[in-house]
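Colleague: Only the shape, not the letters, is given here:
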C-alpha cells in the first residue's frame, strides 16, 4: 500500500471514531445535567444507536453496494451529520434534541461499514493490513476523551453544570464536516454488486443466514449475544453519568482506559482462544461483565477508587472476549455461503435488537433508583446488570457444547 493511501485511511479511521467518541460517551451526562432528561428519555436517546444499526443495512445493501462509490456516500453522510451536530449543539430541550440525534444515528451508523469498505478495497491482505489501519480509530476515540477532560475540561463539575458539554457537539460537528469533505479525496471505491442482479431484503439484512439457527450450538450463542447486550447497554448509557455524579475527576478522560485495554486484550485474544477454546473465551468475557459491575457497585472516589479504574480497564476483556470472539465463531460457522450475511445478522441482533432492549431496561432501572435531582442509587443500578450477565453466563455454560475451531479462523 502506498504511504499516501495508508495516511488517508489512517486519518479517515481516526476521525470516524473521534467523532463517535467525542459526544456519545458524555451523552447521558449532557442529557441529565443540561436538558434535565429522565432515565427513560436518556434511554430513548441512546436507543437511536440501535435504530441506526437496524436501518444501516438498507443504506449499505440497497444503495451503497449497488449504485454509488462508498467514499462519496461516506462524505455525504458525514456532511449531513455535521449539520445535525450543529443543531444538537443549539438544542435547549429534549423534545427538539431527540429527532436530531435519531437522524444523526441513521446517518452515522452506515459509515462504520463504509470506512471498512474503503479500507478493504485498498488492501491485498486485509487480515494482516487492516488492524494497523483500524487501530487509529481506537486512538481517535481515546483522543476525543482526553480533549474533553484534559484540554477543554467540559466534563468538570462546574463546567458541566454550566452547560459546557454542549460544545462536544460543536467539536464533533467540525470534525464531521472535515471528514465529509476529506472523504471525497479518498481512493475510489466503486460498487461491486451487479445492478442487474436482484437482491432480496432478507439477503441485504443477513436474514438468509437464519438457517444457521437450526443448529443448537449456534442458537445458544445467538441468544446469548442478544441477552449480553442488556448489561452492555448499562455501560454505554450510565458509566459517564455515574462517574460524574459520584465526583470522579475528568471522567471522560478516565474512561479512555477502556479503549486502551481493547488494544491489549485484542492482542491477547488469539493466544487465549487457541489455549482455552471458544467456550471458555466467551465465558471469560461474560464473567468480566459481572465483575466489572460489582466493582462499580462497591467502589467509590476515596480509597476504593482503584475498583472503578479496574472496572473501566475490564472493558477490553468484556468486549473483545465476547464480541470479537463471537465474530470469529460466526465466521467459522457460516462458511463461504453465509459469511457476510451471518455477520450482518449478528450485528443486527446485538447492536440492533439486543441494545434496543438493553437501553430501555437501563433507563427503567435508572428511574426506579432515582433518589432525587441528579442523585441515583448506583449500587442497586449496577447490581442488576452484574446479576444478569452472571445468569447469561450460567445458561451459556450449561447449554453450549464446546467445539474446536480451525487455527486459520483465529487470525486477528
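Modeller: Happy to help now that I have it. A quick note: this is a predicted structure, and the numbers were derived from the prediction, not measured.
Colleague: now do the same end-to-end measure for stretch 295-310.
Modeller: Counting by C-alpha to C-alpha, to the nearest Å, you get 8 Å between the two ends of stretch 295-310.
Colleague: Could you give me the buried positions within that stretch?
Modeller: Neighbour-count burial for stretch 295-310, counted by 16 or more other C-beta atoms under 10 Å, picks out 295, 296, 297, 299, 307, 308. Heads up, the C-betas are built off the backbone N, CA and C, glycines and all.
Colleague: Pull the contacting residues for the second one.
Modeller: Going by C-beta atoms under 8 Å, 6 or more residues apart in numbering, residue 296 touches 239, 242, 307, 308, 311, 378, 382.
Colleague: Most neighbours among these, which one?
Modeller: residue 382 (27 neighbours; other C-beta atoms under 10 Å).
Colleague: ok, and that one, which helix or strand is that part of?
Modeller: helix 378-399 (DSSP states H and E).
Colleague: Which helix runs longest in the chain?
Modeller: helix 256-298 (DSSP state H).
Colleague: tell me the mean pLDDT over that helix?
Modeller: Helix 256-298 comes out with an average pLDDT of 91.
Colleague: Which is the succeeding secondary structure element to that helix?
Modeller: That would be, after helix 256-298 and using DSSP H and E, helix 305-313.
Colleague: follow-up on the earlier one: touching the helix holding residue 382 from outside, list them.
Modeller: 216, 220-221, 224, 227-228, 230-231, 234-235, 238, 242, 245-246, 279, 282-283, 286-287, 289-294, 296-298, 362, 365-366, 369.
Colleague: Among the residues you listed, the buried ones, what's the ChimeraX command?
Modeller: With 16+ other C-beta under 10 Å as the criterion, this ChimeraX line picks the buried residues out of the contacts of helix 378-399:
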select :220,221,224,227,228,230,231,234,235,238,242,245,246,279,282,283,286,287,289,290,291,292,293,294,296,297,362,365,366,369
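Colleague: any weak-confidence spans in this structure?
Modeller: 60-66, 127, 192-208, 335-341, 343, 405-412 (pLDDT under 70).
Colleague: Name the SS class of the residue positioned nearest the centre of it, please.
Modeller: Centre of the chain computed as the mean C-alpha position; nearest residue by C-alpha atoms, centre = their mean is residue 351, 7.7 Å away. What DSSP: H, G, I helix; E, B strand; the rest coil gives for residue 351 is helix.
Colleague: Next up, the contacts around the closest residue to it other than its chain neighbours.
Modeller: Nearest residue to residue 351, sequence neighbours excluded (C-beta to C-beta, 6 or more residues apart in numbering): residue 53, at 4.0 Å. Residues counted as contacts of residue 53 (C-beta under 8 Å, 6+ apart) are 109, 347, 348, 351, 352, 355.
Colleague: Which residue comes closest to the first one once chain neighbours are left out?
Modeller: Same thing as residue 109. Closest to residue 109 by C-beta to C-beta, 6+ apart is residue 52, at 3.3 Å.
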